[in-house]
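[1] No sequence on hand, only this structure:
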């Protein structure tokens with residue numbers, strides 16, 4: 001042993017073992033055993049078998065308790081036995097035969113290991129039909145050498161594929177909030193993962209700098225905001241930022257345009273009606289034919305399946321042309337009886353939960369949902385007006401809101417036509433938002449190679465649509481031009497894609513129109529092969545429609561367009577909304593996070609560390625908190641934002657992983673070796689159960705990263721890192737480095753600590769998180 005401990009680190013690992021692929025080695029050993037025992041060529045038998053069905057690709061880690069001692073692989077000998085059925089004794093059933101095959105092959109593998117001192121196999125354990133194969137610790141421990149010297153953590157060889165990842169996509173004139181951070185964290189991590197896996201990656205942003213939301217914001221400022229000075233810059237309150245000011249104006253504009261803010265029953269054009277007569281339908285006993293008075297000397301007839309109302313009751317009536325949900329009310333022939341309009345149930349009115357009971361308005365509704373006597377012909381909106389709003393009592397509320405919406409549309413047209421006054425205001429406020437985005441991206445370490453702007457592709461998209469219409473690829477429907485996708489189904493569903501409007505009857509383009517032009521630019525100017533869109537799941541139909549339309553337009557790359565859908569971020573009290581102003585601004589998030597981390601992690605270092613070091617460490621821990629919280633979830637799941645849980649130094653959190661890394665660095669600082677001790681590393685000494693398990697996890701890093709990239713799931717890296725850090729903690733509690741029993745063991749464990757730190761550091765980097773040495 002003394003002689004062995006004096007070997008250099010280069011001599012510790014037997015060179016032939018360094019290039020051995022464990023799975024291939026085991027597979028070849030199994031093939032050799034099958035040939036000797038059964039005179040059967042397993043290689044030839046598997047020549048035409050799909051890759052994922054081959055024995056080589058079904059070698060997996062065994063049950064958890066069997067991994068405690070050695071790095072292991074397991075194979076199900078049922079897979080092998082199915083090739084050997086001609087050798088099965090008649091008295092054995094297939095499961096019994098598989099067990100016999102397993103016992104014989106396991107014994108053979110054990111013989112091979114005993115005959116070859118250089119074999120990487122330590123021992124083989126048959127368990128029913130499963131063969132558990134364990135490797136020598138020295139072979140497993142090679143991962144430390146690979147990490148420290150052999151580029152184990154280096155990016156993979158370059159692939160001949162260009163990938164564009166579009167993420168973040170904030171809208172100007174709205175405030176960047178905590179929900180935006182899920183997109184930013186997810187996109188930034190994907191960029192890092194794909195670059196690590198050898199892809200040529202273009203990280204791009206697509207900023208929404210035109211549209212109705214901007215017109216609403218500027219409309220509110222011009223028409224309602226009390227002016228203080230000569231410029232909008234003079235009107236920004238001192239206690240908020242410019243972009244928060246814009247966000248507030250957008251929220252206020254939505255309030256000024258929302259019917260529900262002015263009435264209890266927000267059903268435009270609906271009126272009260274009196275029930276004059278009720279009869280059974282002649283062809284359907286479940287239907288009623290109802291005669292109504294809907295105004296002065298105006299009567300209508302409806303066919304209704306509802307219940308719970310009588311002659312003389314006052315009900316809500318939706319006339320022909322009114323919108324009921326997303327559908328226009330029309331005249332319908334109900335088995336020979338015309339139904340002109342419809343009457344509404346409790347549920348449809350939002351008054352109760354019963355969808356069958358027609359709601360009858362009584363004195364009990366006065367002061368609750370209505371404030372005016374419900375006479376036939378009176379609009380629901382007027383009867384249910386909320387007192388003391390900014391709309392004068394002598395003005396019809398729906399008329400006023402129509403006027404306001406018309407003003408917004410006119411302002412949007414002024415923007416699109418380039419009218420000087422409004423364009424100058426748009427350019428100034430647009431730049432406020434863009435400058436704010438840049439500051440946020442710098443603080444969060446989010447990087448882009450190129451910025452697209454929605455304002456750059458609007459005209460181009462409309463021209464594409466017009467050209468495709470001329471060629472007969474697109475069609476006209478109700479005056480609009482678009483793609484008829486009714487014969488195409490949403491992937492994995494029976495739902496058709498419907499009709500994608502690209503140019504409205506008014507001649508304006510929509511989001512999809514711009515997305516077509518944007519995709520064309522990506523394909524032609526950037527020569528990309530794969531295009532990934534990181535956008536919330538609410539846009540799933542939109543992107544499937546866009547991709548299918550690109551295919552119809554002849555873009556072959558459409559088949560490699562992918563919408564990475566993710567769930568929304570909510571608060572404990574419910575969904576966030578920029579329109580309603582119920583969001584946590586990024587500035588608020590940043591302050592709460594940094595204050596919490598400063599107080600709970602770093603205040604103790606005040607005076608010992610420079611202010612710059614404390615501020616930068618605080619920023620990194622804050623980013624670890626928010627990014628890991630956002631990424632440590634399956635993409636499809638909604639997230640409840642909870643700063644107290646995410647910032648905890650214990651449990652499955654970003655700060656916990658950061659702390660695990662700092663522990664590795666602390667050990668490396670505290671435990672020192674002289675030159676002679678540095679040459680005593682001997683991987684045979686890493687034989688403690690917690691060391692074997694830790695080494696096993698380290699070996700899984702490259703495969704985990706590749707899986708995460710190809711599945712678009714950074715959360716797989718989160719799961720891996722948490723598992724690694726927990727195991728490192730178990731090892732730390734069981735094995736001392738500083739007080740190791742021999743200098744050789746101390747040197748070897750120190751190398752293990754360094755390798756673990758390198759993997760944690762690299763894994764966090766792929767999540768967009770920068771580590772700290774102390775916290």
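    Perfect, I can see it now. All figures in this text were calculated on a predicted structure; none of them were measured in a lab. Residues are numbered from 1 along each chain as shown.
[2] got the contact list for residue 170?
    Counting by CB atoms under 8 Å, 6 or more residues apart in numbering, residue 170 makes contact with 176, 180, 205, 207-208, 433, 437. All C-beta atoms are positioned from the backbone trio N, CA, C, and that covers glycine.
[3] give me the low-pLDDT residue ranges for the protein?
    Low-confidence segments of the chain, defined by pLDDT under 70: 1-20, 61-71, 576-581.
[4] The same query, at a cut-off of 50, please.
    Applying pLDDT under 50 to the chain flags residues 1-18, 64-70.
[5] Quick check, central residue of it?
    The residue at the geometric middle of the chain, judged as the C-alpha nearest the mean C-alpha position with CA atoms, centre = their mean, is residue 566 (2.9 Å).
[6] all helices of the stretch 151-300 of the chain, in order?
    Counting by DSSP state H, counting those that start in this stretch, the stretch 151-300 of the chain has helices at residues 180-196, 212-223, 242-257.
[7] out of those helices, nearest to residue 461?
    Nearest to residue 461 among the helices of the stretch 151-300 of the chain is helix 212-223 (16.4 Å), distances taken as CB to CB.
[8] Quick check: which of the helices of the stretch 151-300 of the chain is buried the most?
    Sort the helices of the stretch 151-300 of the chain by mean neighbour count, taking mean count of other CB atoms under 10 Å, and helix 180-196 sits at the top with a mean of 24.
[9] so where does residue 648 fall, helix or strand?
    Element membership of residue 648, judged by DSSP states H and E, is empty: it is in no helix or strand.
[10] Now do the contacts for the closest residue to it other than its chain neighbours.
    The spatial neighbour of residue 648 that comes closest, neighbours along the chain excluded (CB to CB, 6 or more residues apart in numbering), is residue 655 at 6.7 Å. Each residue near residue 655 by CB under 8 Å, 6+ apart is listed here: 597, 601, 621, 624-625, 647-649, 775.
[11] for those, which one is nearest residue 164?
    residue 624 (27.4 Å).
[12] just curious, which of the contacts of residue 170 is nearest to residue 187?
    Distances from the contacts of residue 170 to residue 187 were compared by CB to CB; the smallest belongs to residue 205, at 8.8 Å.
[13] how many other residues sit next to residue 418?
    The number of residues packed around residue 418, counting by other CB atoms under 10 Å, is 9.
[14] how close does it get to residue 172?
    Residue 418 is 17 Å from residue 172, where distance means CB to CB, to the nearest Å.
[15] what does residue 745 give?
    60 Å.
[16] Residue 177 is in contact with residue 582, isn't it?
    No. Residue 177 is not in contact with residue 582 according to CB atoms under 8 Å; the separation is 9.8 Å.
[17] which one of the two has more residues nearby?
    Taking residue 177 and residue 582 together and counting by other CB under 10 Å, residue 177 has the greater number of neighbours (20 against 14).
[18] Could you find the closest non-adjacent residue to that one?
    With CB to CB, 6+ apart as the criterion, residue 177 has its nearest non-adjacent residue at 4.1 Å, and that residue is residue 583.
[19] Same question for residue 485.
    residue 497 (3.6 Å).
[20] Point me to the residue sitting farthest from the middle of this protein.
    The outermost residue of the chain, judged against the average C-alpha position, is residue 297 (57.6 Å), by CA atoms, centre = their mean.
[21] Now find how far off-centre the one helix or strand residue 520 maps to is within its chain.
    For residue 520, the element it lies in under DSSP H and E is helix 511-525. Chain-centre distance of helix 511-525: 22 Å, with CA atoms, centre = their mean, to the nearest Å.
[22] The helix or strand just after that helix: partners in the sheet, and parallel or antiparallel?
    If you walk from helix 511-525 toward the C-terminus, the next helix or strand you reach (DSSP H and E) is strand 530-536. For strand 530-536, sheet partners with direction are given as strand 162-166 (parallel), strand 561-566 (parallel), following DSSP bridges.
[23] Looking at those, which is nearest to residue 312?
    Checking the strands paired with strand 530-536 against residue 312 by CB to CB gives strand 561-566 as the closest, at 52.1 Å.
[24] Quick one: name whatever helix or strand follows that closest one.
    Counting by DSSP H and E, the element after strand 561-566 in chain order, helix or strand, is strand 569-571.
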